[in-house]
Structure formats: structure tokens, C-alpha cells
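In: need a structure here:
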Amino acid sequence: MQPEPWLRGITPGLDPVIAHLLRAAQHLREDVENAARGLSPEQVWSRGAAGNPVGFHLKHLAGSTDRLITYLHGQTLSEDQIAALRNESDGRESADELIDAVNVSLHRYEQAVRALDPAAFAAVRKVGRAGIEVTAISLAIHIAEHGQRHAGQLVSAAALARALVP
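Out: Below you'll find the predicted structure:
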């Protein structure tokens, strides 16, 4: 069994903050894969006693990552991104389709992180309709933190769905 991504050694040639964010994306990928792969559609969308279904956490992880990257790039959300936000709680997508969507968003995140210049970590970005100011590095770190929060909930929701839905 290999260690968690952050314990897999130093990545030569990368700023340590950027390298750690890339490892965080890898950790998210592995947690999502281990928790959700093989779930039936019924298990993916089962609400259970714990609240949100696995499908919500997968859709939200992909969608929120995409939206936050938009802010990281200094842009505002598109109408499609806003519409997708309204549809995260329900769906018919399979586990594989949702895992693929998460992987696409995480790949986009990795590209954005690799493009960050450590000298510009303090560059101001605006988030949300209110245009709340944050730094670029804070936003990049938050994407990883937020992803881990939902990955943890996903792990619990998937275990519950496996136990309750045959």
C-alpha cells in the first residue's frame, strides 16, 4: 500500500506550495475513485439518512472546482455555470460519469495551479456576485480544502449507500 500523496516525496523543480496543491488534487482523485467506483445508479442517488447523496457530492465537487477556477483566472461565472449549480442535488448520471467529471475539473485545477507564479500569490481575485477580494493563493488553497471536505462527505455517503441500497 502506497502512502498518501503528500507523503510520496518532494517534487523536484516545483515551488513547494504548488507541489503540495498538486498532491492535494491527487489525493482528491484517489479518495473519489476509492469511494465511488462501482456504485450502482441507485446507490449514487440514494439520499439515505445522512442527507446528500453521493451524486450530489460528486457533481458539487466537479462544479464548485470549475467555478472557483473561473475566479482564480480572474473571470466571472457564465450562465451555464450558474445553471449547473442549481442542478447539483439531482441527477441520473452514473458513478463513472460523475467520477470523470471530477477528474476533468481536477485536471483543469492542476493546470491552473501549475500556471501560478509564486511571485504573484498575493494577486487579488474577486469571488462571487459581491466580488469579495481574496488572494490567488488563498483561492487555490481553498479549492483543495473545499474538495477535501466534500471527498470526506462522499466517503461517508458512499459507505452508507453500500450498506443500505443493495
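In: How about G38, nearest residue that isn't a chain neighbour?
Out: Excluding the flanking residues, the one nearest G38 by C-beta to C-beta, 6 or more residues apart in numbering is A95, at 6.9 Å. Where C-beta positions appear, they are placed from N, C-alpha and C, glycine not excepted.
In: hey, which helix is longest across this protein?
Out: Using DSSP state H, we find that the single longest helix of the chain is helix 136-164.
In: elements contacting it?
Out: helix 16-36, helix 41-45, helix 54-72, helix 95-115, strand 124-127 (3 or more C-beta pairs under 8 Å, 6 or more residues apart in numbering; DSSP states H and E).
In: That helix - what's its average pLDDT?
Out: Across helix 136-164, the average pLDDT comes to 95.
In: quick one: that helix to helix 16-36, angle?
Out: 10 degrees (axes from the mean of the first three to the mean of the last three C-alpha atoms, to 10 degrees).
In: now helix 136-164, how far from the chain's geometric center?
Out: 7 Å (C-alpha atoms, centre = their mean, to the nearest Å).
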